[in-house]
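Asker: what would the 3D arrangement of this be:
(chains A and B)
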2 protein chains.
Amino acid sequence: MPNKEIRFASRPAGMPTLDNFNIVDADTPQLNDGEVLVRTLYISVDPYLRGRMREGRSYVPPFQVGEVIMSGVVGEVVESRAPEFAPGDIVTGMLRWRLYNAAKAPELRKVDPRVASITTALGVLGMPGLTAYFGLLDIGQPKEGETVVVSGAAGAVGMTVCQIAKIKGCRAVGIAGSDEKNKYLTTELGVDAAVNYKSPEMSQALKQACPQGVDVYFDNVGSEVSDAVMPLLNHGARVVICGQISLYNLDKPDIGPRPQPFLLVNSALMKGFIIIDYSARFAEGVTNLAQWLVAGKLKYAETVVEGFENTPKAFIGLFSGENLGKQLVKVA
Amino acid sequence: MPNKEIRFASRPAGMPTLDNFNIVDADTPQLNDGEVLVRTLYISVDPYLRGRMREGRSYVPPFQVGEVIMSGVVGEVVESRAPEFAPGDIVTGMLRWRLYNAAKAPELRKVDPRVASITTALGVLGMPGLTAYFGLLDIGQPKEGETVVVSGAAGAVGMTVCQIAKIKGCRAVGIAGSDEKNKYLTTELGVDAAVNYKSPEMSQALKQACPQGVDVYFDNVGSEVSDAVMPLLNHGARVVICGQISLYNLDKPDIGPRPQPFLLVNSALMKGFIIIDYSARFAEGVTNLAQWLVAGKLKYAETVVEGFENTPKAFIGLFSGENLGKQLVKVA
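Answerer: The predicted model follows:
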């Protein structure tokens, strides 16, 4: 079986380009005891990977130049030297951007194709879904009747947050980058109002969309989008810092109005998190998300690019908002 | 008894000036049933009062032009039509800047002069002490061996925070505006290290003072002082936004590096509060603070200006850091 892999060729300066990646032929891995050979079916590209392309501290250790990129993958077991897995099993895990990976059994989790599309293991039932679940419920603590504002609302995390807010009886207000995305949010997902952050009247539109102020702000974007939310915070508001996608390609500090005065006068909370903080509670999260999914209370969208060699392009497209919902690459 | 009062004459633009206040003769109040006549002994001037001089939302409703300023006062009952109080009682409450105030009994609390100096009711056993206590312990949640950084460390709140951090077994690092204040913090209060924010090497000095990073940042100051702390935050750090004294005289937004990226990569928390949030637990706070005070574990400093007519000057002096510890005005 001929193998290919995508290496991290150079650190991006600003927006990543195709030159930062290198697609090369690779050996098909030989298995050791306890390992399985996984054929990649879908690759997840995620904004947080940009942080790993930077030297220095971020969520997780940085990629080394020359290293094969790693992210969430769904694949099929084609050969097994581990008793837990048999050929034909569908699995997910953090694997390398390769057509075939050798993986140790504990690095993989089985995916049941009868519950939902196997791609949901990379989206609403995977890391993005869990990120939405724990960030909103554990930090945001939305109460019935409160207003929840979500930036990056048309992404995989954001649209899940919007819907969980509705499940909890909140007013959900989404902020996204096109009228088409916003129409999807309001007509398909039941979001109460949606604001286009590219509109020059964004601040005014957001204020109108939040007549009772903002109790929870789930932030995937940062910068000027967040600046528009801060003056609307209510007393005791909670700001969940999940991502700051508008900053990931900045190579200088993000300058703007500091939010501390807004937190001070409102006794408001702002908290960052990474999903690994909640790893002990993943089973709880997946169980609830799957129940809502099966009950039809939780929908998801996917944007699928075909072809392994298009993985870098799909990743780069995240930063211009080309995706509605989860951005995936279909490999095989 | 001739009476005097200090009225709010005009809203300050930037730094308050004496022109913003008006000292005038006033009638001595006539008592109704349930009221007592209180002769002002000490007036507390506090940075938060600047917020009330601004139109629009802050901690508490704004002062109206022409209104007599109100803040914490310690006084002596000279006449009583309320059964709870007798002439000679020492009391404290939020009263007007007057030589004599008529106050309703529920607005006052007795001060026991045998426990400590009656001035402590405005400082370490009053609002500043409680602010330090609940802000640090409830939001900051310091654990033994952690590093606690305090800005405005030589003020009434800050020096109490530093000492509670030491009581809890933490490394306490103070940031203040003069070498003299910092010497007081390290030699008199047992603070482990102190940094002068006016030094051009402030960031470097702070980094050296925090070799294990920063677990709790108790912020009274904001702006560039806080900018220096953000890169030192540890995973799971807590930032307590108690005050932003560097901003209170700004009439434009506070522009600088937004802190969200630091909160994100460290799963860190930032929370504002006002002491009223904790009013149900004041008895707990005062009891613990008094025990530490009596046991010699908690010290305090006071800067006392003499003369009722100097109250505006003492208030204005807060913003140039003229006070060590609690700034008081001795009226009688």
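Asker: and stretch A:137-145, end to end?
Answerer: 15 Å (C-alpha to C-alpha, to the nearest Å).
Asker: for that stretch, buried residues please.
Answerer: A:Leu137, A:Ile139, A:Gly140, A:Pro142 (16 or more other C-beta atoms under 10 Å in any protein chain shown). In this view, the C-beta of every residue, glycine as well, is placed from N, C-alpha and C.
Asker: one more: stretch A:215-230?
Answerer: A:215-223, A:225-230.
Asker: hmm, back to that, out of the buried residues of stretch A:137-145, who's nearest chain B?
Answerer: A:Ile139 (8.7 Å; C-beta to the nearest C-beta).
Asker: taking the buried residues of stretch A:137-145 together, which two end up most distant?
Answerer: A:Ile139 and A:Pro142 (10.1 Å; C-beta to C-beta).
Asker: what does the stretch 201-332 of chain A have sitting close to chain B?
Answerer: A:219, A:222-223, A:226, A:241-244, A:247, A:253-274, A:277 (C-beta under 8 Å from any C-beta of the partner chain).
Asker: please, a PyMOL command that selects the buried ones among those residues?
Answerer: Paste this into PyMOL to select the buried members of those, with burial taken from 16+ other C-beta under 10 Å:
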select buried, chain A and resi 219+222+223+226+241+242+243+244+247+254+256+257+258+259+260+261+262+263+264+265+266+267+268+269+270+271+272+273+274+277
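Asker: keep only those of the residues of the stretch 201-332 of chain A next to chain B that are in strands.
Answerer: When those are checked against strands (DSSP state E), the matches are A:Asp219, A:Ile241, A:Ile255, A:Gly256, A:Pro257, A:Leu269, A:Met270, A:Lys271, A:Gly272.
Asker: about what we covered before: in helices, which of the buried residues of stretch A:215-230 fall?
Answerer: Mapping the buried residues of stretch A:215-230 onto helices (DSSP state H) picks out A:Ser223, A:Val225, A:Ser226, A:Asp227, A:Ala228, A:Val229.
Asker: turn those residues into a markdown table, columns for pLDDT.
Answerer: Below are these laid out as a markdown table (pLDDT from 0 to 100):
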| residue | pLDDT |
| --- | --- |
| A:Ser223 | 94 |
| A:Val225 | 97 |
| A:Ser226 | 98 |
| A:Asp227 | 97 |
| A:Ala228 | 97 |
| A:Val229 | 98 |
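Asker: need the max-distance pair from those.
Answerer: Taking C-beta to C-beta, no two of these sit farther apart than A:Ser223 and A:Val229, at 11.1 Å.
Asker: coming back round to it: out of the buried residues of stretch A:137-145, who's near chain B?
Answerer: Counting by C-beta under 8 Å from any C-beta, no member of those is near chain B.
Asker: in TSV, list those residues along with secondary structure, pLDDT and distance to A:Ala154.
Answerer: Formatted as TSV, the buried residues of stretch A:137-145 follow (DSSP: H, G, I helix; E, B strand; the rest coil; pLDDT from 0 to 100; distance: C-beta to C-beta, whole Å):
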residue	secondary structure	pLDDT	distance to A:Ala154
A:Leu137	helix	98	21
A:Ile139	helix	98	21
A:Gly140	helix	98	19
A:Pro142	coil	98	20
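Asker: what helix or strand does A:Gly75 sit in?
Answerer: strand A:70-80 (DSSP states H and E).
Asker: list the buried residues for that strand?
Answerer: For strand A:70-80, by 16+ other C-beta under 10 Å, it's A:Met70, A:Ser71, A:Gly72, A:Val73, A:Val74, A:Gly75, A:Glu76, A:Val77, A:Glu79, A:Ser80.
Asker: coming back round to it: need the max-distance pair from the ones in strands among the residues of the stretch 201-332 of chain A next to chain B.
Answerer: A:Ile255 and A:Leu269 (23.5 Å).
Asker: separation between the residue nearest in space to the middle of chain A and chain B?
Answerer: Geometric centre of chain A, nearest residue: A:Pro128, 4.2 Å, by C-alpha atoms, centre = their mean. Distance of A:Pro128 to chain B, given as C-beta to the nearest C-beta, to the nearest Å: 16 Å.
Asker: re the thing from before, out of the buried residues of stretch A:215-230, which is nearest to chain B?
Answerer: A:Gly222 (5.4 Å).
Asker: how about the nearest residue to that closest one, chain neighbours excluded?
Answerer: Once flanking residues are discounted, A:Gly222 sits nearest to A:Gln244: 3.4 Å by C-beta to C-beta, 6 or more residues apart in numbering or on different chains.
Asker: kindly report the same for A:Leu289.
Answerer: The nearest residue in space to A:Leu289 (C-beta to C-beta, 6+ apart) is A:Gly129, at 4.9 Å.
Asker: before we move on, what about A:Trp292?
Answerer: A:Leu298 (3.9 Å).
Asker: quick one: the helices in chain A?
Answerer: With DSSP H as the criterion, chain A has helices spanning A:49-52, A:127-134, A:156-167, A:179-188, A:202-209, A:223-229, A:260-265, A:282-294, A:311-317.
Asker: between those, which gets nearest to B:Thr28?
Answerer: Using C-beta to C-beta, those put helix A:260-265 closest to B:Thr28, at 36.9 Å.
Asker: what sits against the closest residue to A:Ile245 other than its chain neighbours?
Answerer: Leaving aside its sequence neighbours, A:Ile245 sits nearest to A:Pro47 (C-beta to C-beta, 6+ apart; 4.8 Å). Contact analysis of A:Pro47 by C-beta atoms under 8 Å, 6 or more residues apart in numbering or on different chains lists A:Gly155, A:Asn220, A:Gly243, A:Ile245, A:Tyr248, A:Leu318, A:Phe319.
Asker: next one, pLDDT for the fourth one please.
Answerer: Pointing back at A:Ile245 there. On pLDDT, A:Ile245 comes in at 92.
Asker: same question, the first one
Answerer: At A:Gly155, the predicted lDDT confidence score is 97.
Asker: can you tell me how far it sits from B:Val65?
Answerer: 49 Å (C-beta to C-beta, to the nearest Å).
Asker: and which of the buried residues of stretch A:215-230 is nearest A:Pro87?
Answerer: Of the buried residues of stretch A:215-230, the one sitting nearest to A:Pro87 (C-beta to C-beta) turns out to be A:Asn220, at 38.5 Å.
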